[in-house]
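Trainee: Please work out how this folds:
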Amino acid sequence: MPALPDASILLLDDDPDVGLAAQLLLQRRVAPVTCLRRPAELSAALDQRRPDLLLLDLNFGPGRTDGAQGLRLLADVLARPQPPVVVVMTAFADIDLAVQALKRGAFDFITKPWDNVKLVATCQEALRRVRSMDGDEAPAPQSTTEPVRSLAAQERAAVLAAVAEAQGNLSAAARLLGLSRAALYRRLGKHGL
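Mentor: Residues are numbered from 1 along each chain as shown. Just a heads-up that it's a prediction; the model follows:
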């Protein structure tokens with residue numbers, strides 16, 4: 001039985017194996033998952049299913065790596081009235097793309113292939129955010145410019161932003177963060193990066 005049976009997750013990824021793996025993992029531990037493979041199906045599915053959480057791949061089609069289509073979909077989804085919380089999914093090499101998605105309103109991102117514990121925890125945290133916004137839990141004080149995130153999520157975002165700003169140069173990223181290279185490596189490992 002799912003941890004949150006009244007919640008729902010929608011996943012958009014053109015790889016059917018990704019959809020099946022997410023369904024098998026999340027439906028028993030978090031909430032039921034509906035999978036879509038084509039971006040053209042997204043709008044109708046959002047209208048019909050009204051999911052609490054959208055897991056959104058950023059690249060669709062063979063050879064696509066720029067994330068433009070996924071970022072457009074992210075903007076479209078977040079412009080809707082009462083949009084779901086969005087967690088983007090991307091390959092490891094697209095860290096700067098994931099940082100762009102966070103800046104544009106994604107709750108978090110998951111690198112593929114994902115760590116099962118991380119995916120479950122991220123989905124649960126995203127759904128807790130939905131609950132607090134709906135009034136099912138006492139709402140946390142929120143800034144009007146930035147969504148409330150856990151300390152771990154803030155640290156992860158800061159590390160990713162520094163790596164992206166340093167264009168992958170870990171020595172430069174460590175300097176930006178005021179860390180030693182060893183400390184940066186520990187944080188990269190801690191967050192599965």
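Trainee: CA atoms for contacts and neighbours, from now on please.
Mentor: OK.
Trainee: What strands flank the longest strand belonging to the chain, and is each parallel or antiparallel?
Mentor: Looking across the chain with DSSP state E, the single longest strand is strand 85-91. Here strand 85-91 has these sheet partners by DSSP bridges: strand 53-57 (parallel), strand 108-112 (parallel).
Trainee: By mean pLDDT, show me the worst of the ones you listed.
Mentor: Across the strands paired with strand 85-91, strand 108-112 has the smallest mean pLDDT, namely a mean of 89.
Trainee: got the buried residues for it?
Mentor: 108-111 (16 or more other CA atoms under 10 Å).
Trainee: which one of those is nearest Gln27?
Mentor: Ile110 (17.4 Å; CA to CA).
Trainee: Not counting its neighbours along the chain, what's nearest that closest one?
Mentor: Among residues not flanking Ile110 along the chain, Met89 sits closest, at 4.8 Å (CA to CA, 6 or more residues apart in numbering).
Trainee: which residues pair with that neighbour across the strands?
Mentor: Asp57, Ile110.
Trainee: related to what we said a few turns ago, include distance to Leu78 when you put the strands paired with strand 85-91 into a markdown table, please.
Mentor: Listed next are those as a markdown table, based on distance: least, CA to CA, whole Å:
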| stretch | distance to Leu78 |
| --- | --- |
| strand 53-57 | 11 |
| strand 108-112 | 14 |
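Trainee: quick one: which of the ones you listed is nearest Ala45?
Mentor: strand 53-57 (10.7 Å).
Trainee: quick one: contacts of the closest one?
Mentor: Here strand 53-57 makes contact (CA atoms under 8 Å, 6 or more residues apart in numbering) with 8-14, 70, 74, 84-90, 123, 126-127.
Trainee: For ChimeraX, write the select line for the buried members of those residues.
Mentor: Here is the ChimeraX command that selects only those of the contacts of strand 53-57 that count as buried (16+ other CA under 10 Å):
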select :8,9,10,11,12,13,14,70,74,84,85,86,87,88,89,90,123,126,127
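Trainee: The helix-or-strand element of the chain with minimal mean pLDDT: which residues count as buried?
Mentor: Counting by mean pLDDT, DSSP states H and E, the weakest-scoring helix or strand in the chain turns out to be helix 151-165, with a mean of 76. For helix 151-165, the neighbour count (16+ other CA under 10 Å) marks 153, 156-157, 159-164 as buried.
Trainee: What's the mean pLDDT across the longest strand of the chain?
Mentor: For strand 85-91, mean pLDDT is 91.
Trainee: Any chance you could list what contacts it?
Mentor: 52-59, 74, 98, 101, 105-113, 123, 126-127, 130.
Trainee: Are we agreed that Ala174 is in a helix?
Mentor: Yes - remark: Ala174 belongs to a helix, assigned using DSSP: H, G, I helix; E, B strand; the rest coil.
Trainee: quick one: pLDDT of it?
Mentor: With respect to pLDDT, Ala174 scores 84.
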